[in-house]
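> using only what follows, build the 3D model:
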Amino acid sequence: MNGKNKKILLIVKKIFTKHKLNSNHARISANAIINAELVGAHSHGLSRLKMYCDRIKKKVINPTPKIKIKKISQSISQIDANNSIGFVAADIGIKQAIKNAKKTGIGLVGIKNSGHYGLSGYYAEQAVKKNLIVFCFTNAPPAIAPHGAKKSLFGTNPICFGTPTSSKIPFILDTSVSVINRGKIRVAAKTGKKIPEGVALDKFGKPTTDAKKALTGVQLPIAGFRGSGLAWMVDILSGVFTGGNHGGKVKDPFDDFSGPQNIGHLFFVMKPNLFVGNYSERIKENIKRIKRLPKIKGIKEILYPGQSKQRRYKKNLNKEINISTNIAKDLKKLNA
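Have a look, this model is predicted:
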């Protein structure tokens, strides 16, 4: 990371410290935000910093949480995050799931009373670096209407899967169940840009490319009713199952300060050799077979999930993070 980006990282950490997070929690949160910028996920990076700080000021994020880890078995743990910032709850959760999996082969951790934790892939990568397979689930505020309904209820509810690949680049599939994630629409609304066609409806149920109208309307799921079903599945796994909010009860972090979000997260981590001793050879062969397939015109290489992100990260690592005028103002004000 270049000097200017390190300086931005330190500023973000300092801002979190000013908002009463301890040094370790401020470091965890700042690292997650800067990582989002470096992988090109700007909608989950610095653009959200003011929101986290606002929620701390409004006392709906607890900056000094007493996080409790309950051991259910050698493999399973439940975490009550005490309304901590989501980065901290998720960091503790994925590390506990990794620890459990290293002991028994499987680690399952459910988290309640948490908040928005940024990119799911950021936590999945931690498990993959320890040579583990991982699933991550988290729910989100209403954005998608269930199939057949007029009103949004499900969040964009990301699904994330990661596995070692026998190469330096892990396989990390991190996707929301909406056509585009809500953060991108928020960024477009803030910058006055249009969103693509076919991703949202306005409050009257009409297709729109106006980001502000999309935020007051509904987002469309991937694959129609199938995407709606996937959003429902994630709401059950991360909300109903863990003890978190669900069924449209997760509060919007930008607009609703009436109480904590109580978001739920679920981390499921496994040793890759549970069923076969030669997993690394098998996954390597699997990827080779797909990459060898004939390519359509204009495609130079068939990429697996995680490759393009890793390339963006390497490319951006020594480039200065591009900070918009609005975000620069936020940073200056928060750091005053």
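> would you agree N131 is in contact with P272?
Yes: N131 lies in contact with P272 (Cβ atoms under 8 Å); the separation is 6.9 Å. All C-beta atoms are positioned from the backbone trio N, CA, C, and that covers glycine.
> those two: which has the busier surroundings?
The neighbour count for N131 versus P272, taken as other Cβ atoms under 10 Å, is higher for P272 (19 against 16).
> where's that one, which helix or strand?
Assigned by DSSP states H and E, P272 belongs to neither a helix nor a strand.
> got it, and I172?
strand 171-175.
> still on that earlier bit, hey, what's in contact with both of N131 and P272?
Residues touching both N131 and P272 (Cβ atoms under 8 Å, 6 or more residues apart in numbering): P164.
> residues in contact with the residue lying closest to M270 once chain neighbours are set aside?
In space, and not counting its chain neighbours, M270 is closest to I133: 4.6 Å by Cβ to Cβ, 6 or more residues apart in numbering. Listed by Cβ under 8 Å, 6+ apart, the contact set of I133 reads A127, F161, G162, T163, P164, V269, M270, K271, P272.
> kindly report the same for G198.
V179, P207, L220.
> hmm, 7 Å instead?
Neighbour list for G198: V179, L220 [criterion: Cβ atoms under 7 Å, 6 or more residues apart in numbering].
> tell me the phi and psi of it?
phi 80, psi 10 (degrees, to the nearest 10).
> and for K213?
Torsion angles, degrees, to the nearest 10, at K213: phi -70, psi -30.
> picking up where we left off before, who are the packing partners of the strand holding I172?
Contact here means 3 or more Cβ pairs under 7 Å, 6 or more residues apart in numbering; DSSP states H and E; on that basis strand 171-175 packs against helix 120-128, strand 159-163.
> mean pLDDT, distance to I106 and mean neighbour count added to the ones you listed, as CSV?
Putting the helices and strands packed on strand 171-175 into CSV (pLDDT from 0 to 100; distance: least, Cβ to Cβ, whole Å; neighbours: other Cβ atoms under 10 Å) gives the following:
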stretch, mean pLDDT, distance to I106, mean neighbour count
helix 120-128, 98, 12, 25
strand 159-163, 98, 15, 23
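> where do the helices of the protein begin and end?
With helices called from DSSP state H, the chain shows them at 3-18, 23-38, 49-57, 86-104, 120-128, 182-191, 211-216, 225-235, 279-291, 307-317, 325-334.
> who's in contact with the residue lying closest to K70 once chain neighbours are set aside?
Take K70 and drop its neighbours on the chain: the residue closest to it by Cβ to Cβ, 6+ apart is Q78, 4.5 Å away. The contact partners of Q78, by Cβ under 7 Å, 6+ apart, come to K70, I72, G110.
> contact partners of stretch 223-241?
110, 137-139, 144, 146-147, 154, 157, 159, 177, 221, 244-247, 264-266.
> of the residues you listed, which belong to strands?
Among these, DSSP state E puts G110, F137, T138, I159, G264, H265, L266 in strands.
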